[in-house]
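**Student:** Provided below are the primary sequence and the corresponding predicted coordinates.
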Amino acid sequence: MLSLDIARFSVKKEAAKGYLGLLWWFADPAINALLYWFLVVVVFRSADDEFVPFVLLGLVIWRWIQQSVTGGSNAIYSNSGLMRTVHIPKLVFVFKEVTVAGYRFVFGFAAIMVIYFLLGYFPTVAYFLLPIQFAATLVMILGLASLLSSLVPFFPDTQQFLPHAFRVLMFVSGVFYSQERLPEKLVPIYRLNPFSGLVDGFRAIMMRGEAPDFPLLIYAASVGLACGLVGFVIHMKYNRLYPRIIAA
Amino acid sequence: MRSGNPIISLEDVAMSYKIRNRRLRNERHEKPALRSINLNLWRGETIGIIGRNGAGKSTLLRIIAGIIEPDSGIVTRNHVSIRLLGLNLGFIPSLSGYDNAILGGLILGLRRKEIEAMVPEIAEFAELEQALHNPLRTYSSGMRTRLAFSIAVSVPADVLLLDELMGVGDVAFRKKSGEKLRSMINSDLSCVIVSHSNEIITEMCSRIVWVEHGETIAEGPTEEILERYEAAMLAGPSQPAPVPGR
């Protein structure tokens, strides 16, 4: 609860940055849409109508995952000043960062819905499965953010490493291509990556009007849950050690 | 004044900072901050902690507050809420004073409803009623300190820890905030004060603990310990006076 309350103020801060405030979060996917449309349709003269919506959705989901996890992982460092004067469970800051990234995603996702509508992808019955899809993704995000944030103070280089890791992950999680394009040998490895199932689940619902691959969702949520449990235990053990590590 | 068990007690508390030289070999060396601290605080009592710079006083307050944990020793807190009075409440400059007051209250453990009800009083004490809804970035540093101080003293606690903070702001507000702290200290609140000012220590504290090189050197009535401390300070840079009975 405290995380949600504090997050509200961080969102307000973002909104206060310019006259257009949170509209920028909405505009971001729309600008991307124009860029990819220009690249794919105008420059490469591709006849594949599906590519632009395909990539846009992948990118919005990916940004949500990436911003939540990197923000959450660095939460102990980014709130270190406060940590030295008040004792607050450090997971509060992690959840706060995830919540802020969540707000951002809501705007981006709303923009995608509008774009999809304009491109002729109308909501189907499958949309009722979106909450399950969101829940599985959120469990994965929270779990990974909890685990990484509990380790970053011990291994500060992780902060530098994470953006690179996410760039690599983006290219192997099917943000830009579908599973069918991969050589068959690679498919099982591809599906081992929980992110690929999550990204594809959204496309199943919103582009193909199908149910997502439930075993893959359960797999992703389980990986998230396992990470979360380990992260929680480490946090509980070292809650009062983190301010000391940060200071040294 | 002393009845029953102390509300806070520290037994043989020790802690060192592990300083990383951020290189590939990841060499570390330990810098002991506290070696052996013994301290008791009874309900309603105000004690002072004295010692040279770097003696470990601020680390000690953080341990009492439960912000950090020592490496060894026993810290007992008898179901009391403890607040280290600090001015860093995670303020966000682009938000209004009002929003920051709410944020500060949340950080200090209040519910949103509780802090919302307290804001008018906080603003009045900070003398910021006019500017309350302006963004914090338009505040002078004095105004910010006043706001932070007013929030910090409004949130209730059983034990107050003061680290060289006996008033903030300009002359007038320094007097007002100092008086506020004095009235809190003189209430049934328990206090631990770290200060280099003999005046404050003599006025406020019935008992003091003298810390040197992370160890409790002596503990006892204010005047007696202060006298010995001053003699030691005059005697030389880093040589505590021989302490009888140790």
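**Tutor:** Cool, the structure landed. Numbers count the residues shown, from 1 in each chain, chains lettered A, B, ... in the order given.
**Student:** just the strands in chain A please.
**Tutor:** Using DSSP state E, chain A contains no strands.
**Student:** touching, residue A:240 and residue B:69? I think so.
**Tutor:** Yes - under the criterion of Cβ atoms under 8 Å, residue A:240 makes contact with residue B:69 at 3.9 Å. (Each C-beta comes from the backbone N, C-alpha and C, glycine too.)
**Student:** go through chain A and flag its longest helix.
**Tutor:** The single longest helix within chain A, with elements called by DSSP state H, is helix A:91-119.
**Student:** can you name the residues of chain A sitting close to chain B?
**Tutor:** Proximity of chain A to chain B, by Cβ under 8 Å from any Cβ of the partner chain, involves residues A:2, A:5-6, A:9-10, A:12-13, A:16-17, A:79, A:81-88, A:156, A:240-241, A:243-245, A:247-248.
**Student:** tell me the buried residues within those residues.
**Tutor:** Buried members of those, scored by 16 or more other Cβ atoms under 10 Å in any protein chain shown, are A:2, A:5-6, A:9-10, A:12, A:16, A:79, A:82-88, A:156, A:240, A:243-245.
**Student:** and for residue 180, the neighbour number?
**Tutor:** Unless you meant another one, I'm taking chain A. 7 (other Cβ atoms under 10 Å in any protein chain shown).
**Student:** the intended chain is chain B.
**Tutor:** 17.
**Student:** roughly how far apart are it and residue A:191?
**Tutor:** For residue B:180, the distance to residue A:191 equals 63 Å [Cβ to Cβ, to the nearest Å].
**Student:** ok, residue B:132 next?
**Tutor:** Relative to residue A:191, and taking Cβ to Cβ, residue B:132 is found at 56 Å.
**Student:** ditto for residue A:203
**Tutor:** Residue A:203 is 15 Å from residue A:191, by Cβ to Cβ.
**Student:** measure residue A:215 to residue A:191 for me?
**Tutor:** 10 Å.
**Student:** higher neighbour count, those two?
**Tutor:** Higher neighbour count among residue A:215 and residue A:191: residue A:191, with 18 against 10, using other Cβ under 10 Å.
**Student:** these two touch, right, the more buried one and residue A:216?
**Tutor:** Yes - between residue A:191 and residue A:216 there is a contact at 6.7 Å, judged by Cβ under 8 Å.
**Student:** mutual contacts of these two, please.
**Tutor:** Taking Cβ atoms under 8 Å, 6 or more residues apart in numbering or on different chains as the contact rule, residue A:191 and residue A:216 both touch residue A:197.
**Student:** which phi and psi does the residue of chain B found nearest chain A have?
**Tutor:** Ranked by Cβ to the nearest Cβ, the top residue of chain B for proximity to chain A is residue B:86, at 3.4 Å. Backbone torsions of residue B:86, given as degrees, to the nearest 10, read phi -130, psi 160.
**Student:** wait, residue B:147 touches residue B:99, no?
**Tutor:** No - taking contacts as Cβ under 8 Å, residue B:147 lies outside contact range of residue B:99: 11.2 Å.
**Student:** which one of the two has more residues nearby?
**Tutor:** Shown here are residue B:147 and residue B:99; by other Cβ under 10 Å, residue B:147 has more neighbours (28 against 22).
**Student:** what about the more buried one, which helix or strand?
**Tutor:** helix B:141-154 (DSSP states H and E).
**Student:** what residues does that helix touch?
**Tutor:** For helix B:141-154, using Cβ under 8 Å, 6+ apart, the contacting residues are B:83, B:85-89, B:91, B:97, B:100-101, B:104-105, B:108, B:118, B:121-123, B:125-128, B:131, B:136, B:139, B:168-170, B:173, B:177, B:180-181, B:184.
**Student:** buried sites along that helix?
**Tutor:** B:143-154.
**Student:** quick check: mean pLDDT of the longest helix of chain A?
**Tutor:** Averaging pLDDT along helix A:91-119 gives 92.
**Student:** then stretch B:223-238?
**Tutor:** On average, stretch B:223-238 scores 85.
**Student:** ok, now stretch B:81-90?
**Tutor:** Stretch B:81-90 comes out at a mean pLDDT of 88.
**Student:** next one: stretch A:177-193
**Tutor:** Rounded mean pLDDT across stretch A:177-193 is 88.
**Student:** what does it contact?
**Tutor:** In contact with stretch A:177-193 (Cβ under 8 Å, 6+ apart) are residues A:54, A:169, A:172-174, A:196-197, A:200, A:203, A:216.
**Student:** what is the end-to-end distance of that stretch?
**Tutor:** 15 Å (Cα to Cα, to the nearest Å).
**Student:** to the chain's geometric centre, what's the distance from it?
**Tutor:** 21 Å (Cα atoms, centre = their mean, to the nearest Å).
**Student:** buried residues in it?
**Tutor:** Here stretch A:177-193 shows A:182, A:190-191, A:193 as buried, counting by 16+ other Cβ under 10 Å.
**Student:** any idea which of those residues is closest to residue A:102?
**Tutor:** residue A:193 (22.3 Å; Cβ to Cβ).
**Student:** hang on, the earlier thing: quick one: which of the buried residues of helix B:141-154 is nearest to residue A:42?
**Tutor:** residue B:144 (52.0 Å).
**Student:** relative to chain B, which residue of chain A is the closest?
**Tutor:** For chain A, Cβ to the nearest Cβ, closest residue to chain B: residue A:85, 3.4 Å.
**Student:** so who does the residue nearest to that residue when sequence neighbours are not counted touch?
**Tutor:** Nearest residue to residue A:85, sequence neighbours excluded (Cβ to Cβ, 6 or more residues apart in numbering or on different chains): residue B:86, at 3.4 Å. By Cβ under 8 Å, 6+ apart, the contact set of residue B:86 is A:84-86, B:152, B:163, B:165.
**Student:** now do residue A:74
**Tutor:** Taking Cβ under 8 Å, 6+ apart, one finds A:97, A:149, A:152, A:159 in contact with residue A:74.
**Student:** would you write a PyMOL line that selects the buried entries of the residues you listed?
**Tutor:** In PyMOL, the members of these classed as buried (16+ other Cβ under 10 Å) are selected with the following command:
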select buried, chain A and resi 97+149+152+159
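**Student:** okay, who's weakest in the contacts of residue A:74 by pLDDT?
**Tutor:** Lowest confidence among these: residue A:159, with 90.
**Student:** understood, closing this out.
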